[in-house]
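Undergrad: the following block contains a protein sequence and its predicted model.
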Amino acid sequence: MKTLLRLMTGLWISAVILIPGFMQAQSEQLSSIYWFDWSQDGTRIGVASSDGIRIYDADFNLIAFRPQPDPTGAISLRSLSPDGSRLATLHEIWDSNTLETLLQFDPTYILGEWSSDGRYISAVSPNTVREILIFDAETGVLARTVTPQIPLDGVIPAWNPDNTQFATTENHKNLILLSASTGEVVARYPHEDVLNTLAWSPDGTKLAYDGFAQVEPGTPGSHDVGGLIVRYSVYITDVVTGQILYTITGLPDGVRNLIWSPDGTQLLTEIGFGMIFVWDTQTGQIIDSYKTPPYLLTGIEYSPIGGRVIMSFNPYINMDLPNREAFIAQSTFTGDYLGGLIQLAVPAPSLERLRRLTERCGMADVTEGALLAQAELNTLSAFIQQVETLSDDQIPPGCAADLIAVAQALQAQGEE
């Protein structure tokens, strides 16, 4: 077992600072943001806020808006379909171009994830969490019911990329893999930590998950939380063997989100409120970090291509006056700071990352003269010009914006 122990001391954390140049683009000011999602083809961004749901294109041009009729109960966006044509709320499926309701489901169920081809959508009951329902996403007809052979403990099952298995936990301890067709336990991997967030790698071979454990005083990487000595960790496990490939421990706070990059080479962890680390999944090393002001970050996700991340903020939630004033002084937010914003940013920019994205977009031949032949910063302007001149037939949706953003971030680094 290859285990990486990374202890994060207070000194190390203090070096993580807000990087204003990290931001690439931002939306207009919105009301408080509860949820967002990016369609897998990169063409749509859905945002749920306290006044309704908005659909944007990749450049933040507003496509549609559906107001919230009841200001006391905001609509919650669950996810956009893989092709971006539909979106799921807690209990309904809407057309993402018109935001008209297409299907309504029993309000006792919470809609979950789309199948990779968009034909089906999963749902669970928050009251019992005893079964997983698979609905036809076109007709709303129940396609099948998956009854797990174990009682689910409240962790919403995560569907693997080929839709053959669900990952969940048993008593918040054991990591469980279930057959998506029969509910049979395919694998059970015991764990000492209390497990929470589960995230499949894009190729379905690994699971990332976070956990915390009560430990003895003085344990390396532990923290006193309300009189309890706890240790926060993130694990990457091989789902076939159950072998823990990497252990990242000594985190300064609990994990709120785990997101794999689309190519599986990076794992983004959101820790506490507004502390972000980007890990190399091949080495377990930190390759980038970002510290937002306290109590601001409400969500984060990679773009479908993997060059950018999208972040949502509610600037004034739980912030006292001195923090608000300091935030305004050092940030590029505009407006009166009463609402939320969506921002696009580039994590861990590097020439190697740009090469990988170029290959992922199927553009290695097109851009070889500008980038691949001479990997130097002085080739980036020519690279950007080339990408800007490509037609829609030459570049997949979402690729151009990501490639240009990474190249510009590299240029900005070279100017510092």
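TA: Received the coordinates, thanks. Numbers count the residues shown, from 1 in each chain.
Undergrad: distance from the chain centre to stretch 43-60, please.
TA: Chain-centre distance of stretch 43-60: 16 Å, with Cα atoms, centre = their mean, to the nearest Å.
Undergrad: now it - C-alpha only, CSV.
TA: The C-alpha atoms that make up stretch 43-60 are tabulated as CSV, following Å, rounded to 0.1, in the frame of the first residue of the first chain:
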residue,chain,number,x,y,z
THR,A,43,-22.3,24.5,-23.3
ARG,A,44,-24.6,25.2,-20.3
ILE,A,45,-24.2,26.5,-16.7
GLY,A,46,-27.3,26.2,-14.4
VAL,A,47,-27.5,28.4,-11.3
ALA,A,48,-30.1,28.1,-8.6
SER,A,49,-30.4,31.2,-6.4
SER,A,50,-33.0,32.5,-3.9
ASP,A,51,-34.9,34.3,-6.6
GLY,A,52,-35.0,31.5,-9.2
ILE,A,53,-33.0,29.4,-11.7
ARG,A,54,-30.9,30.8,-14.5
ILE,A,55,-29.3,29.1,-17.5
TYR,A,56,-26.1,30.6,-19.0
ASP,A,57,-24.0,29.7,-22.0
ALA,A,58,-20.2,29.1,-21.4
ASP,A,59,-19.6,32.9,-21.7
PHE,A,60,-22.2,33.8,-19.0
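Undergrad: quick one, domains of this structure?
TA: 10-348, 355-415 (automatic domain parsing).
Undergrad: include mean pLDDT and mean neighbour count when you put those into CSV, please.
TA: In short, each C-beta sits where N, CA and C put it, glycine included. Shown next, in CSV, are the domains of the chain (pLDDT from 0 to 100; neighbours: other Cβ atoms under 10 Å):
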stretch, mean pLDDT, mean neighbour count
domain 10-348, 78, 18
domain 355-415, 74, 17
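Undergrad: quick one: end-to-end distance for stretch 96-114.
TA: 15 Å (Cα to Cα, to the nearest Å).
Undergrad: likewise for stretch 42-53?
TA: Per Cα to Cα, stretch 42-53 runs 18 Å from first to last residue.
Undergrad: quick thing: my sequence starts at 154, can you match it?
TA: From this message on, residue numbering opens at 154, which makes the last subject stretch 195-206.
Undergrad: quick one: that stretch to chain centroid distance?
TA: Using Cα atoms, centre = their mean, the offset of stretch 195-206 from its chain centre is 15 Å.
Undergrad: quickly note the distance from G364 to L398.
TA: Relative to L398, G364 is positioned 15 Å away (Cβ to Cβ, to the nearest Å).
Undergrad: actually T335, not the one I typed
TA: 28 Å.
Undergrad: now swap in P370 and tell me
TA: Distance from P370 to L398, by Cβ to Cβ: 29 Å.
Undergrad: equivalent analysis for L328, please.
TA: Taking Cβ to Cβ, one finds L328 at 13 Å from L398.
Undergrad: tell me, what's touching the two both at once?
TA: Residues touching both L328 and L398 (Cβ atoms under 8 Å, 6 or more residues apart in numbering): T390.
Undergrad: just the helices from the stretch 254-403 of the chain, written as ranges.
TA: In the stretch 254-403 of the chain, no helices are defined using DSSP state H, counting those that start in this stretch.
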